[in-house]
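Participant: what shape does this take:
(one chain, ligands or ions: 2)
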Amino acid sequence: MIELEYTNSSNLSTRWLGTVLAVQANFYQVRLDQLKVDKLEIVGCEHNLQANNLQPSTLLCTRRARLKKIGQQVMVGDRVVVDEPDWAGGRGVIAEVLPRTTQLDRPPIANAQQILVVFALEEPTLDAYQLSRFLVKAESTGFKVCLCLNKRDLVTQQQQQHWQQRLEAWGYQPVLISVHNGTCLAQLTDLLSQTISVMAGLSGVGKSSLINYLIPATRVRVAEVTGKLGRGRHTTRHVELFELPKGGFLADTPGFNQPDLTCSPEDLIHYFPEARERLAQHRCQFSNCLHRNEPNCAVRGDWERYQHYLDFLAEVIARQEALNQKADIESTMKLKIKASGRRQYEPKLETKKYRRRSRRTQHQTLDELYDDMNEG
Ligand SMILES: Nc1nc2c(ncn2[C@@H]2O[C@H](COP(=O)(O)OP(=O)(O)OP(=O)(O)O)[C@@H](O)[C@H]2O)c(=O)[nH]1
Ligand SMILES: [Zn+2]
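Facilitator: Ligands and ions are numbered 1, 2, ... in the order given. Here you go, the predicted model:
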């Protein structure tokens, strides 16, 4: 058990607990909890606060040199202990980073518990394959995945029903909303409260609009939908946490259109909830079944996204083969960048037989050299 001491007599030793909202260069924006920490006991990730009431605040912090020295990174979402707040200047120093419950590397966020995949029913037109790719990528984090479809004002009741049923068959309970009309947003607010959620989705689906609606004080820039594809411009740049009025935080992530699938071929099937369901009921005959043509496969069959699975599988296999090939090349060749800037692989001169030897060694090892030449 780690115990952080707190001395009541001096303001300088006051310690506060907060959440890192944004990171820029060596500065951290920290939202302090509403409560002042009198005594903080940490057992694993649990913490226990005895506190008195003071106003909440956001401080711009640096981190203690000691943290830098031990290589302690501070991420968005981290729970941190802030020392010596300078209330007038709005500054503070991060003294400790509490143990993380989860860690995402891309985007870099600590302590998130769910991914909110946001797509639009129209503008841009909802594409099942693209949505499937986002969902698979989201599932690969191991977090809970929530699905939200925006712009319901742009489609008919029938189209809404169609997607609702179709996505239920995929194993999701989508929340259909319209940020413009404020429809069904209460349901979404409940899903997001008291947890850190990471939002992901195509550019232009209304992620910034959603944040502005849920947290009106933020005023994130919203782009006009432009161009033939009906997509908004990329306006979201950094990872940042937004505090929700009912508690919890929402992280916006830079818009991206084609998430790479980087999982292993064996893991891929587990990122399809409807296939997980099949696997929970029956087992494939072979433990290394990739669910293509293997006999007695429990997964192959009549489900809508089976073809998506096969396509994604081909993609992850190709990616893995390319990586293996690259590793092979790099173990025997080295990349040289020529004066012209051209990149070229050359054999590594590592083995004895290619190295230039000193005269003395040459003489001493003539026999060895002779053997080498004969072998070559
Ligand atoms: N009809 C309709 N349009 C919406 C709705 N929500 C957002 N929009 C519009 O969709 C466009 C794109 O919205 P943004 O909030 O910028 O989209 P985004 O997902 O944040 O885009 P990136 O920042 O590029 O990732 C804007 O023109 C919004 O006004 C909605 O519920 N209905
Ligand atoms: Zn199988």
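Participant: which ones are touching residue 155?
Facilitator: Neighbouring residues of residue 155 by CB atoms under 8 Å, 6 or more residues apart in numbering: 121, 122. All C-beta atoms are positioned from the backbone trio N, CA, C, and that covers glycine.
Participant: make it 10 Å
Facilitator: Residues near residue 155 by CB atoms under 10 Å, 6 or more residues apart in numbering: 120, 121, 122, 123, 125, 126, 149, 162, 163, 176, 178.
Participant: pLDDT at the closest residue to the third one other than its chain neighbours, what is it?
Facilitator: Same thing as residue 122. Closest residue to residue 122 apart from its sequence neighbours, by CB to CB, 6 or more residues apart in numbering: residue 154 at 3.9 Å. pLDDT, residue 154: 98.
Participant: ok, how many other residues are close to residue 154?
Facilitator: 14 (other CB atoms under 10 Å).
Participant: next one: residue 217
Facilitator: Residues near residue 217, counting by other CB under 10 Å: 8.
Participant: next one, pLDDT for it please.
Facilitator: pLDDT recorded at residue 217 is 73.
Participant: so the residue nearest to residue 122 touches residue 179, yeah?
Facilitator: No - assessed by CB atoms under 10 Å, residue 154 is found out of contact with residue 179, at 11.4 Å.
Participant: read off the pLDDT value for the residue of the stretch 1-150 of the chain found nearest ligand 1.
Facilitator: Nearest residue of the stretch 1-150 of the chain to ligand 1 (CB to the nearest ligand atom) works out as residue 150 at 5.0 Å. If you check residue 150, the pLDDT there is 98.
Participant: which residue sits closest to it, ignoring its sequence neighbours?
Facilitator: Distances taken as CB to CB, 6+ apart place residue 206 nearest to residue 150, at 4.3 Å, with adjacent residues excluded.
Participant: check the gap between that neighbour and residue 129 for me.
Facilitator: 20 Å (CB to CB, to the nearest Å).
Participant: of those two, who's got more company?
Facilitator: Counted by other CB under 10 Å, residue 206 and residue 129 do not tie: residue 206 has more neighbours, with 26 against 11.
Participant: can you list the weak-confidence ranges in this protein?
Facilitator: 1-13, 34-56, 218-237, 254-257, 343, 345, 349-376 (pLDDT under 70).
Participant: in it, which helix has the most residues?
Facilitator: helix 306-332 (DSSP state H).
Participant: let me see the domain layout of the chain.
Facilitator: 2-99, 109-252, 265-332, 347-375 (automatic domain parsing).
Participant: can you say which of the ones you listed is packed in most?
Facilitator: With neighbours taken as mean count of other CB atoms under 10 Å, these reach their highest mean count in domain 109-252, at a mean of 18.
Participant: how far does that domain sit from the chain's center?
Facilitator: Taking CA atoms, centre = their mean, to the nearest Å, one finds domain 109-252 lying 15 Å from the centre of the chain it belongs to.
Participant: same deal with stretch 20-34?
Facilitator: In terms of CA atoms, centre = their mean, the centre of stretch 20-34 is set 18 Å apart from its chain centre.
Participant: could you do stretch 105-113 as well?
Facilitator: Stretch 105-113 sits 5 Å away from the centroid of its parent chain (CA atoms, centre = their mean).
Participant: endpoints of it, how far apart?
Facilitator: 14 Å (CA to CA, to the nearest Å).
Participant: next step: the contacts of residue 155 restricted to helices.
Facilitator: 162, 163.
Participant: ok so, going back, between residue 154 and residue 179, which contacts overlap?
Facilitator: Overlap of the contact sets of residue 154 and residue 179 (by CB under 10 Å, 6+ apart) consists of residue 120.
Participant: elements contacting the longest helix of the chain?
Facilitator: For helix 306-332, the packing partners by 3 or more CB pairs under 10 Å, 6 or more residues apart in numbering; DSSP states H and E come out as helix 128-139, helix 265-268, helix 273-281, strand 343-347.
Participant: tell me how many other residues crowd residue 341.
Facilitator: Neighbours of residue 341 (other CB under 10 Å): 6.
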